[in-house]
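Participant: Return a 3D structure for these sequence lines:
(chains A, B, C and D)
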Protein chains: 2
Amino acid sequence: MIKTGLFENIAEVSEEARNAFIGYLEEIDAEKGYKMEKAGEVSNYLFYIAQGSARSFYIRDNRDITVSFSLEGEFVTAMHSFITRSPSYETIETLEKSLLYRISYENLQRCFQEFQDLERVYRIILEKYYIALEEQMIFSKFKSAKERYLELMEKKPKIIQRASVGHIASFLDMTIETLSRVRSKI
Amino acid sequence: MIKTGLFENIAEVSEEARNAFIGYLEEIDAEKGYKMEKAGEVSNYLFYIAQGSARSFYIRDNRDITVSFSLEGEFVTAMHSFITRSPSYETIETLEKSLLYRISYENLQRCFQEFQDLERVYRIILEKYYIALEEQMIFSKFKSAKERYLELMEKKPKIIQRASVGHIASFLDMTIETLSRVRSKI
DNA sequence: CTGATATTTTGACTTTTGTCAAGGTAGGGT
DNA sequence: ACCCTACCTTGACAAAAGTCAAAATATCAG
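Facilitator: Sure, this is the predicted structure:
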């Protein structure tokens, strides 16, 4: 089990809490296209991507729209469903062969009840995710298709290497054709 | 002091924690245009809007861009700055005469150290804010100016009543002119 | 290696939104 | 009431991005 990095950069966690949390983790060796969460079902797990990458998407008007990409070292789940315990509108799938760890909703709550420092870690992760999302929103406002693409290249170049044109285009809120033209003129 | 509603809908908080938190609150009777947080300064307070409304914005290319609106019953701060303790890029101001309560960063941390249930409340608030932000992003993808406006009307009609055309337009990522035309054709 | 299939690029054209400029309207202060 | 200043609306035109269709390229199973 390679769990290095899971607690990196995060506030001090007691040995005890750490072991309890790790004890609940389930390892998954996922092939490309493995569905971590499915639209229509309640999201039951918080995932940690040890190796690989994933994308979250939903379908609207027969269109596959990418919501987010997650790379190794990141946590991911269908947050809305995970928090509200209602069916997810998004599906999350691996973009390549990946090594995942997951903890169930119930066990995560159990950890919070037992160990205050874990709740704090989770809170700090949430904060980071919140400001990342906020930045993403803010900095794409009033930017052209080209500017949005250049920004992605600068901030998350790995995504461009791993995802298809279609996935990147919908993530950047433009059509495949527009993205193709943008790329050809760089 | 009217603090009703502050803990509404939020998990059980002990009488003790509640009192500690309330003890730290500072009441502010703010006029319209009161600057709750200023761009360039580190955000030092978490605000609760008891009455009134606020908007968060930043300036780019000489353009005033609205990031979010907050209504009574909501918490607000320049999250990025508040969390990272670095200067804020956004300014938050009241849209009308408002009754605010605020707690400083230091005192909030103090509360967390002392009362686990407050940390949990904060975590739950964060979760709600996260999914609200996510929804906002997700559902505006591949929507026309008109659709974005209609959605705002449906989901947060109060904003349309209280904010100016300029504020609403930049929030919806369109020009004032486009918004004006959209509104004239409903 | 080859053919079948999916993905990406390119071209022609349309629609949407933005820009600039000119009027119009509403509200505050004197 | 009147001016002054915001703010909002409208029109003409320009730019950006979308749509549809076809061609080019890449991927993969056999």
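
Participant: Compute the first-to-last residue distance for stretch A:136-152.
Facilitator: Terminal residues of stretch A:136-152 lie 10 Å apart, using CA to CA, to the nearest Å.

Participant: Pull out the buried positions in that stretch.
Facilitator: Neighbour counts using 16 or more other CB atoms under 10 Å in any protein chain shown place A:136-138, A:140-141, A:145-146, A:148-149, A:152 of stretch A:136-152 among the buried residues. The C-beta positions use only the backbone N, C-alpha and C, and glycine is treated the same way.

Participant: who in chain A is up against DNA strand C?
Facilitator: Within chain A, the positions near DNA strand C by CB under 7 Å from any atom of the strand are A:164-166, A:176-177, A:179-181, A:183-184.

Participant: For these, which PyMOL command selects only the ones that are buried?
Facilitator: Listed next is the PyMOL selection for buried residues among those, using 16+ other CB under 10 Å:
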select buried, chain A and resi 179
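
Participant: what number of residues lie near A:Leu118?
Facilitator: Residues lying near A:Leu118 (other CB atoms under 10 Å in any protein chain shown) number 20.

Participant: what helix or strand is it on?
Facilitator: helix A:116-140 (DSSP states H and E).

Participant: And A:Gly166, by the same measure?
Facilitator: Using DSSP H and E, the element containing A:Gly166 is helix A:165-171.

Participant: Can I get the helix or strand that that helix is followed by in PDB, CA atoms only?
Facilitator: Downstream of helix A:165-171, the first helix or strand assigned by DSSP H and E is helix A:176-184. Output of helix A:176-184 as PDB, limited to C-alpha atoms (Å, rounded to 0.1, in the frame of the first residue of the first chain):
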ATOM      1  CA  ILE A 176     -14.600  21.100 -29.700                       C
ATOM      2  CA  GLU A 177     -14.200  23.100 -32.900                       C
ATOM      3  CA  THR A 178     -13.400  26.300 -31.100                       C
ATOM      4  CA  LEU A 179     -10.800  24.600 -28.900                       C
ATOM      5  CA  SER A 180      -9.300  23.000 -32.000                       C
ATOM      6  CA  ARG A 181      -9.000  26.400 -33.700                       C
ATOM      7  CA  VAL A 182      -7.600  28.000 -30.600                       C
ATOM      8  CA  ARG A 183      -4.900  25.300 -30.300                       C
ATOM      9  CA  SER A 184      -3.900  25.700 -34.000                       C
END
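
Participant: Is there proximity between helix A:176-184 and chain B?
Facilitator: No - on the criterion CB under 8 Å from any CB of the partner chain, helix A:176-184 is out of touch with chain B, staying 11.9 Å away.

Participant: Tell me which other helices or strands that helix touches.
Facilitator: helix A:145-155, helix A:165-171 (3 or more CB pairs under 8 Å, 6 or more residues apart in numbering or on different chains; DSSP states H and E).

Participant: got the angle between it and helix A:145-155?
Facilitator: 60 degrees (axes from the mean of the first three to the mean of the last three CA atoms, to 10 degrees).

Participant: centre of the chain versus helix A:176-184, how much separation?
Facilitator: Its chain's C-alpha centre and that of helix A:176-184 lie 25 Å apart, by CA atoms, centre = their mean, to the nearest Å.

Participant: circling back: now for the helices and strands packed on helix A:176-184, which one comes closest to A:Ala20?
Facilitator: Nearest of these to A:Ala20, taken as CB to CB: helix A:145-155 at 34.9 Å.

Participant: tell me what the next helix or strand after the closest one is packed against?
Facilitator: Proceeding N to C from helix A:145-155, the next assigned helix or strand is helix A:157-162, under DSSP H and E. Secondary-structure packing of helix A:157-162 (3+ CB pairs under 8 Å, 6+ apart): strand A:53-60, strand A:63-71, helix A:145-155, helix A:165-171.

Participant: between the ones you listed, which one is nearest to chain B?
Facilitator: strand A:63-71 (5.6 Å; CB to the nearest CB).

Participant: What helices and strands are in contact with the helix or strand following the closest one?
Facilitator: Later in the chain than strand A:63-71, the nearest helix or strand by DSSP H and E is strand A:75-76. Secondary-structure packing of strand A:75-76 (3+ CB pairs under 8 Å, 6+ apart): strand A:45-51.

Participant: rewinding a little: redo the helices and strands packed on helix A:176-184 as CSV? Include mean pLDDT.
Facilitator: Below are these laid out as CSV (pLDDT from 0 to 100):
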stretch, mean pLDDT
helix A:145-155, 96
helix A:165-171, 96
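
Participant: Can you check which of those gets nearest to A:Leu99?
Facilitator: Nearest of those (CB to CB): helix A:165-171, 21.0 Å.

Participant: quick one: contacts for A:Arg60?
Facilitator: B:Phe142 (CB atoms under 8 Å, 6 or more residues apart in numbering or on different chains).

Participant: Tell me what it is bridged to.
Facilitator: A:Arg63 (DSSP bridges).

Participant: Can you check the pLDDT for it?
Facilitator: Turning to A:Arg60, the model gives it a pLDDT of 91.

Participant: swap in A:Thr4?
Facilitator: 53.
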